[in-house]
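Participant: give me a 3D structure for the following:
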Amino acid sequence: MNAIYASVILASGTSFGTEKASDYGPGFLGFIFTAFMVIMGIFLIRDMIRRVRRVRYQSDAEARQEKMVSDGEQRRLQEPEAPIDPKTSEG
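Facilitator: Sure, this is the predicted structure:
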């Protein structure tokens, strides 16, 4: 077992006990990864809020439409009495 520890120490190239407190930490790569995760979380939350808002507006519109139908308030389209030719009619 001691042979395994000795080979690990020799392979690592560092001796134990000589590390400084500044040697420990995520470093620049850890900072970049953390910043990336925060930015992706912000975009994900904004997208979720937009989708929830869209679903809520759709359900409100459907509820208003069902209420209009149940109350009997149907809008009727006013059709022209004669066909209109768009080339000759004035706008």
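
Participant: avg pLDDT for the strand or helix carrying Leu44?
Facilitator: In this structure, Leu44 is located in helix 27-71 according to DSSP states H and E. Regarding helix 27-71, the rounded mean pLDDT is 90.

Participant: next one: stretch 81-91
Facilitator: pLDDT averaged over stretch 81-91 gives 70.

Participant: just the CA atoms of it, as CSV, please.
Facilitator: C-alpha atoms of stretch 81-91 as CSV (Å, rounded to 0.1, in the frame of the first residue of the first chain):
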residue,chain,number,x,y,z
GLU,A,81,-74.9,44.2,-49.9
ALA,A,82,-73.1,44.0,-53.3
PRO,A,83,-69.8,42.6,-54.2
ILE,A,84,-66.9,45.1,-54.1
ASP,A,85,-64.4,45.3,-56.9
PRO,A,86,-61.1,46.5,-55.4
LYS,A,87,-59.8,47.8,-58.7
THR,A,88,-62.6,50.3,-59.2
SER,A,89,-63.7,51.1,-55.7
GLU,A,90,-62.3,54.1,-53.9
GLY,A,91,-60.4,53.4,-50.7
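
Participant: name the SS class of Asp85, please.
Facilitator: coil (DSSP: H, G, I helix; E, B strand; the rest coil).

Participant: and it, backbone torsions?
Facilitator: phi -90, psi 120 (degrees, to the nearest 10).

Participant: ok, now Pro83?
Facilitator: Backbone geometry at Pro83, expressed as degrees, to the nearest 10, gives phi -60, psi 150.

Participant: for Pro86, same thing?
Facilitator: Dihedral angles (degrees, to the nearest 10) for Pro86: phi -70, psi -20.

Participant: any idea how many residues pack against it?
Facilitator: When counting by other CB atoms under 10 Å, one arrives at 6 neighbours for Pro86. C-beta coordinates here come from the backbone N, C-alpha and C atoms, glycine included.

Participant: alright, calling it a day.
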